[in-house]
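Chemist: 3D, please:
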Amino acid sequence: MSAKITMRSMKLTGIRQMEMHEVPRPEPTQTHDMLVKIACVGVCGSDVHYYKTGRIGDQVVEYPFAVGHECAGTVSAIGSAVTQFQEGDPVAIDPAMPCGTCGQCAQGRSHTCQNLRFLGCPGQAEGSLSEFIVMPEGSCFPLRGPASLENGALSEPVAIGVYACQLAGNLQGKRIGILGAGPIGLSVLLPARAAGVDRVYMTDKIPERLRVARHCGADWAENPDGEDGVAAISGLEPQLLDYVFECCGQQDAIDQALQMLKPGGKLLLIGIPETDRLSFDISAMRRKEICIQNVRRQNECAGKTIEMLEDGILKADAMVTHRFPFERTKEAFDLVTDYADGVVKAMITFD
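Modeler: You can find the predicted model right below:
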């Protein structure tokens, strides 16, 4: 019997602990599976939640465990029924692996599939911080070439922004707020601009992120700690805002959003809080008849997002502020966890 082929995998081993492991390389077992050699992985806020606290809600890490889900790579091997790809093809990966048969999938809601498996989610699937992963053909999207690999990894968070803008409704000529200028806030900003919003107001507490927000098209971007964001925006927009996208998962941002919204406005919740419960000023919500929309990842927006990135309609390259080789993944996670050095998006690169 031949020796088992191994690979390197970066695993969480405890709170703010991470080690490189040598593990068996996975192989395609289903006819529609593909073995993908990972080229780059973006560090996501949800990855950091697992790194920092070991959980998100009732999803608790059992160590050792590999996180990571914003990724792209090249096809290394394919199952017998794969028809859309061949070895060597560069691909972007949608980390969601829906069953396709449950009630939610039948209703066009594969992102809330009752049997969903998601990369880097405890109890579902190991993440992409490994040299190789196996993915179903349906979760992979073609890229135009190796130069597109980083855009492929960025397409996962940007698709969330595309989906959030889709859920908001008609953005043409609207005035919106985006609270949080991290990767998800910027991922909302880009498609909102492409959809024809009139003005975009953004807040964040990190100066470097505000600079990136302005570079990417925000009309107004300020620190709500240094300036009363509600008062400033209300002064500029006496009729207040049509939509506010909450992208940082903070209670104070939700409180501010309700004050910024005009009567009949819509609050879209995208940020993942570290706490299990948040509160709302129900009196303000009732008087203004505010609509609350939760945004759960993305739903059938991956392909559209990749096309927009590759066509230059969405330009997300400014989002990547730091790059680390695979061996230094823990440094990247510490940087993002501590909001250090003006980080927006840290990208892990593989040889």
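
Chemist: Show me what stretch 288-300 is in contact with.
Modeler: Here stretch 288-300 makes contact (C-beta atoms under 8 Å, 6 or more residues apart in numbering) with 96, 108-112, 156, 159-160, 162-164, 167-168, 258, 261-270, 280, 284-285, 305. Yep, even glycine has a C-beta here, placed from its N, CA and C like the rest.

Chemist: at 7 Å instead, please
Modeler: 96, 109-112, 159-160, 162-164, 167, 258, 261, 263-270 (C-beta atoms under 7 Å, 6 or more residues apart in numbering).

Chemist: Give me the buried entries from those.
Modeler: For the contacts of stretch 288-300, a burial check counting by 16 or more other C-beta atoms under 10 Å picks out 96, 109-112, 159-160, 162-164, 167, 258, 261, 265-270.

Chemist: Measure how buried Lys37 is and give me the count.
Modeler: Summarising burial for Lys37: neighbours were counted as other C-beta atoms under 10 Å, giving 16.

Chemist: Then Ala302?
Modeler: That count, for Ala302 with other C-beta under 10 Å as the rule, works out to 23.

Chemist: Quick check, central residue of the chain?
Modeler: Pro157 (2.9 Å; C-alpha atoms, centre = their mean).

Chemist: Can you verify that one is assigned to a strand?
Modeler: No: if the criterion is DSSP: H, G, I helix; E, B strand; the rest coil, then Pro157 is helix and not within a strand.

Chemist: For it, list the residues it contacts.
Modeler: The neighbours of Pro157, taking C-beta under 7 Å, 6+ apart as the test, are 42, 44, 70, 183-184, 187.

Chemist: Narrow those to those in helices?
Modeler: With helices defined by DSSP state H, the entries of the contacts of Pro157 inside them are 183-184, 187.

Chemist: Make a markdown table out of these and add pLDDT and distance to Thr275.
Modeler: Below are these laid out as a markdown table (pLDDT from 0 to 100; distance: C-beta to C-beta, whole Å):
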| residue | pLDDT | distance to Thr275 |
| --- | --- | --- |
| Pro183 | 97 | 21 |
| Ile184 | 97 | 18 |
| Ser187 | 98 | 23 |
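
Chemist: Looking at those, state which has the most neighbours.
Modeler: With neighbours defined as other C-beta under 10 Å, the most crowded of these is Ser187; it has 33 neighbours.

Chemist: Can you check the pLDDT for the closest residue to that residue other than its chain neighbours?
Modeler: On the basis of C-beta to C-beta, 6 or more residues apart in numbering, the spatially nearest residue to Ser187 that is not a chain neighbour turns out to be Gly161, at 3.2 Å. Turning to Gly161, the model gives it a pLDDT of 98.

Chemist: quick one on the thing from earlier: keep only those of the contacts of stretch 288-300 that are in strands.
Modeler: In strands, defined here by DSSP state E, the members of the contacts of stretch 288-300 are 96, 261, 263-269.
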